[in-house]
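# give me a model of this one.
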Amino acid sequence: MSSATFSADWLGLREPFDAAARSRAAARLQLDARLAALRPATGTPWRVIDLACGTGANQRWLSPRLPGPQQWLMVDHDDALLRRIPEPGEGVDVVRQRLDLMASLETLPWHAAHLVTASALLDLVGEAWLHRLVAACARHRVALLMSLSVDGRHRWTPEAPGDGEVGLLFAAHQRRDKGLGAALGAKAVATLLPALRHAGYQVRQARSDWMVDGRRHTTDRHLMGSLIDGMADAAVEQAPERTDALRGWQSRRGELVAQTRLRVGHVDVLAWPG
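Numbering: from 1, shown residues only. Prediction:
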């Protein structure tokens, strides 16, 4: 299986959990009211830049919440993912653009945008890149909606031996360079908020946690199993001398999936020029 196919499979697996988490956060952010206040002048379509868009889940969730016609610039480095973006509904135009966000972030049409958005991106980027993003948006007074940034919380019910160790190793692995500088991981939102306020933005944040319940549905069990495997693999890469213990945790957790609940901490951030 190619990395692009694996990535698309993972994006598809997480999409319903992302949507549920974001809907809960939207109420706390008063997102619909704020977007209505940011709406462009009558006759002008929304112009939205979607960074690291993947297969378009962010657009599918957000587009129904934007009143009026829309023009989306869908940006990703992976052509295979861009090709999987389906055609949008009536009144929504989509342009797909392959782009290296590290090398070419500032070349995007910031001057034309009303909103820049991304989902599950900020924890993958470095501090310098994040400040470049804020500077580009602030220069043209563009609103931001940054969704589903991890904050480091993993709450397993019931708990099992090794949860803490794996969590710490996984967090350390998340801070490796993903191509956009040494990743901020769980510190992403804490780094973003003061940068936005310093740039003159009004900011709101709300938790957008995944709620995964292995007792509920096979979809939950599939996602939880994938999370367990991914966390174990990352922990082994981070501490290969602990491989036996970490694979033991993976095995025990796998056996408990059908009776386990897992809360994975994420945060959504909405910001607009003050």
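# state the pLDDT value of the residue lying closest to residue 202 once chain neighbours are set aside.
The shortest distance from residue 202 to any non-neighbouring residue, by CB to CB, 6 or more residues apart in numbering, is to residue 274 (4.8 Å). Every residue, glycine included, has its C-beta placed from N, CA and C. On pLDDT, residue 274 comes in at 87.
# which ones are touching residue 274?
200-202 (CB atoms under 8 Å, 6 or more residues apart in numbering).
# neighbour-wise, which one of those leads?
Using other CB atoms under 10 Å as the neighbour test, the contacts of residue 274 are led by residue 201, with 23 neighbours.
# residue ranges of the strands in this structure, please?
46-51, 70-76, 92-98, 115-119, 143-157, 201-207, 210-213, 261-273 (DSSP state E).
# strand partners (parallel or antiparallel) of the last one?
If you go by DSSP bridges, strand 261-273 pairs up with strand 143-157 (antiparallel), strand 201-207 (antiparallel), strand 210-213 (antiparallel).
# deepest of those strands, which one?
strand 143-157 (a mean of 20; mean count of other CB atoms under 10 Å).
# isn't residue 85 right up against residue 94?
Yes - the criterion here is CB atoms under 8 Å, and residue 85 meets it with residue 94 at 6.6 Å.
# can you list residues touching both of the two?
Counting by CB under 8 Å, 6+ apart, the residues touching both residue 85 and residue 94 are 56, 59, 74.
# return the member of these nearest to residue 31.
residue 59 (15.3 Å; CB to CB).
# that closest one is in contact with residue 46, isn't it?
No - under the criterion of CB under 8 Å, residue 59 makes no contact with residue 46, lying 11.2 Å away.
# quick one: low-confidence parts of the stretch 1-150 of the chain?
Scanning the stretch 1-150 of the chain for pLDDT under 70 picks out the ranges 1-6.
# would you turn the strands of the chain into a markdown table with distance to residue 236?
As requested, the strands of the chain are exported to a markdown table (distance: least, CB to CB, whole Å):
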| stretch | distance to residue 236 |
| --- | --- |
| strand 46-51 | 30 |
| strand 70-76 | 29 |
| strand 92-98 | 33 |
| strand 115-119 | 28 |
| strand 143-157 | 17 |
| strand 201-207 | 30 |
| strand 210-213 | 22 |
| strand 261-273 | 20 |
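# and those strands: which comes nearest residue 191?
Between the strands of the chain, strand 143-157 lies closest to residue 191; by CB to CB that is 10.0 Å.
# gap between the closest one and the chain center?
8 Å (CA atoms, centre = their mean, to the nearest Å).
# so where do the helices sit in the stretch 151-274 of the chain?
For the stretch 151-274 of the chain, helices defined by DSSP state H, counting those that start in this stretch occupy the ranges 163-174, 188-198, 218-238, 243-255.
# and the ones you listed: which comes nearest residue 113?
Closest among these, once you apply CB to CB, is helix 188-198, at 16.0 Å.
# buried ones in that closest one?
By neighbour count with 16 or more other CB atoms under 10 Å, helix 188-198 contains the buried residues 188-189, 191-193, 195-196.
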